[in-house]
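1. sequence and computational prediction follow.
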Amino acid sequence: MSHPPTSRHKRWLTIAAVAVVTAAAAAPAEAGTPVAEVTATAETPTLFDDAAGGDASADDPAIWRDPDDPTRSLVLGTAKVGGLRVYDLAAREVQSLPAPKAPGAGDKPGRINNVDVIEGTDLAVATDRGRDKLVVYSVDPGRGTGPVKDVTAQDSAPYIFSADQDEVNKQATAYGLASWKDRKTGRIHAVVTQETTNKVALLELTKEAGGTYGYRTIRTIGIPTAFTLPNGKRWAPCEDPGEQPYLEGMRVDPANGMLYAGQEDVGVWRMRADLTGEPTLIDKVKDYGVPYTQDPGTGECVPGEDPGFGGDHLVADVEGITLLERPGGGGYVVVSSQGDSTFAMYDRDPAKGNAFVRSFRVVAGRGEGAIDGADGTDSLDIVNESFGGKYPQGLAVIQDAPDTPTVDGDDGEPREGSNYKYVDLRNLSAATGLGFR
């Protein structure tokens, strides 16, 4: 059932915690299997906070593969208040698109948070966390004015979660993102999460005049925020006052219409991408179920004794999620474990319970001019197809924050930077021993 995109007409659904289905425990890799280590082959220029105090930092990448000439493929990376950056396969910046301006004095400016390339199209979409909207881009490497162009129909781009600009300015706005093109209907959808809450919205892109795109809201649901533990006690993760455990990293598997979504302090959910049915928690963070007390003065959480109900492979926060697809079917769901800078790989097949397979990390290379590793990774993207040249069997792009080494600013204080690492998929295949082809 469709609903108008205005906030007052949205139908708010909540999935009861008692309805949560937990996946059967997945058999881990062989006991003692170490985390695989791989090095990067290239990295993009470092982004820093700008002189005005903005947040021009790398956050989320997406790979656009040119089907006609894969060597012209591009990497799109969000830079928050710094807008969107576009890189070539040599990790050189080829374009910088500014974030949208604030609509009025005292209003929040645009803040491009997550970006996603829509498979099989020349389109990408991004969440504008500052304005609570989607931004739609077209991609054309032959365009003389720049390969990426904003094609958002502003009159058809309503707020996603907010009722008005006052609510937008409070910044409980569009945050995480996943998009896909329905292989049966050809319709393009996006799933968007709300910062600081448990809400997830399903949107449909609408083609407007002049090759522009708007969108409409189909439904909004709430993901569980409290859980019954095996010992019968109720538990919820510790959050800042007024916040719920929220989600950011997401990916839709277009082959079966499943959405994988990371609830940062809880774990990884699998659910239908149309946001119907019951979600399944396929893995939990290690401190799932740990009780805590919260200092009323500082807001700091003091953990109690671990009852042992957490998972083995994810250290909060759960962040970026992508697919590593095998040619002909199969592959892996890859999840960023930000707390220990590793990436957990799960079998892509829901019928196998999305069983855990192996973890890896990106480490620093050796020798002069070597590229540093990826720390505290927020997001990643992987495409297991040939890009020719350096990446004949595929490319992984992984966010790194902070990038090292740090440099001093004009005031002599260190400026922490961030960027994106490029990893040759041949190297990752060899490191994990999985063989992706």
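-> Yes, it's here.
2. quick one: residue 43 and residue 371 touch, right?
-> Yes. Here residue 43 reaches residue 371: they are 5.1 Å apart, a contact under CB atoms under 8 Å. C-beta coordinates here come from the backbone N, C-alpha and C atoms, glycine included.
3. who has more neighbours, the two?
-> residue 371 (22 against 19; other CB atoms under 10 Å).
4. that one should be in a strand, yeah?
-> No. Applying DSSP: H, G, I helix; E, B strand; the rest coil, one finds residue 371 to be coil, outside a strand.
5. and the strands in the stretch 201-350 of the chain, which stretches?
-> Here the stretch 201-350 of the chain has its strands, by DSSP state E, counting those that start in this stretch, at 213-222, 227-228, 234-235, 247-253, 258-263, 267-272, 280-284, 292-294, 301-303, 318-325, 331-337, 342-347.
6. would you double-check that residue 429 falls in a strand?
-> No. Under the criterion used here (three-state DSSP), residue 429 is helix, not part of a strand.
7. need the contact list for it.
-> Residue 429 makes contact with 393, 435, 436, 437 under the criterion CB atoms under 8 Å, 6 or more residues apart in numbering.
8. returning to that earlier point: could I get the strands of the stretch 201-350 of the chain as JSON lines with mean pLDDT, distance to residue 195 and mean neighbour count?
-> As requested, these are exported to JSON lines (pLDDT from 0 to 100; distance: least, CB to CB, whole Å; neighbours: other CB atoms under 10 Å):
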{"stretch": "strand 213-222", "mean pLDDT": "97", "distance to residue 195": "14", "mean neighbour count": "20"}
{"stretch": "strand 227-228", "mean pLDDT": "97", "distance to residue 195": "21", "mean neighbour count": "17"}
{"stretch": "strand 234-235", "mean pLDDT": "97", "distance to residue 195": "23", "mean neighbour count": "13"}
{"stretch": "strand 247-253", "mean pLDDT": "97", "distance to residue 195": "8", "mean neighbour count": "25"}
{"stretch": "strand 258-263", "mean pLDDT": "98", "distance to residue 195": "13", "mean neighbour count": "25"}
{"stretch": "strand 267-272", "mean pLDDT": "98", "distance to residue 195": "17", "mean neighbour count": "22"}
{"stretch": "strand 280-284", "mean pLDDT": "97", "distance to residue 195": "21", "mean neighbour count": "23"}
{"stretch": "strand 292-294", "mean pLDDT": "90", "distance to residue 195": "20", "mean neighbour count": "13"}
{"stretch": "strand 301-303", "mean pLDDT": "92", "distance to residue 195": "19", "mean neighbour count": "13"}
{"stretch": "strand 318-325", "mean pLDDT": "97", "distance to residue 195": "14", "mean neighbour count": "25"}
{"stretch": "strand 331-337", "mean pLDDT": "98", "distance to residue 195": "18", "mean neighbour count": "26"}
{"stretch": "strand 342-347", "mean pLDDT": "98", "distance to residue 195": "23", "mean neighbour count": "24"}
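9. give me the number of residues near residue 166?
-> 9.
10. can you give me phi and psi for the nearest residue to residue 304 once chain neighbours are set aside?
-> Counting by CB to CB, 6 or more residues apart in numbering, residue 304 lies nearest to residue 291, which is 4.0 Å off, once chain neighbours are set aside. The phi and psi values for residue 291, taken as degrees, to the nearest 10, are phi -70, psi 160.
11. identify the contacts common to residue 43 and residue 371.
-> residue 421.
12. of the contacts of residue 429 - the most surrounded one?
-> In terms of neighbour count, residue 436 stands highest of those at 20 neighbours, by other CB under 10 Å.
13. how many residues are close by the residue nearest to residue 240 when sequence neighbours are not counted?
-> Using CB to CB, 6+ apart and skipping the chain neighbours, the partner closest in space to residue 240 is residue 299 (6.2 Å). Number of residues near residue 299 (other CB under 10 Å) recorded here: 11.
14. and for residue 300?
-> Neighbourhood size, residue 300 [other CB under 10 Å]: 11.
15. I figured it hits residue 241, correct?
-> No. With contact defined as CB under 8 Å, residue 300 does not reach residue 241; the gap is 11.9 Å.
16. centre-most residue in the chain?
-> residue 249 (3.3 Å; CA atoms, centre = their mean).
17. measure the residue nearest to residue 304 to residue 91 for me?
-> As for residue 291, its distance to residue 91 is 45 Å (criterion: CB to CB, to the nearest Å).
18. looking at these two, which is more packed in?
-> Ranked by neighbour count (other CB under 10 Å), residue 291 and residue 91 place residue 91 first, with 19 against 15.
19. does the more buried one touch residue 44 like I think?
-> Yes. With contacts counted by CB under 8 Å, residue 91 reaches residue 44, the gap being 4.7 Å.
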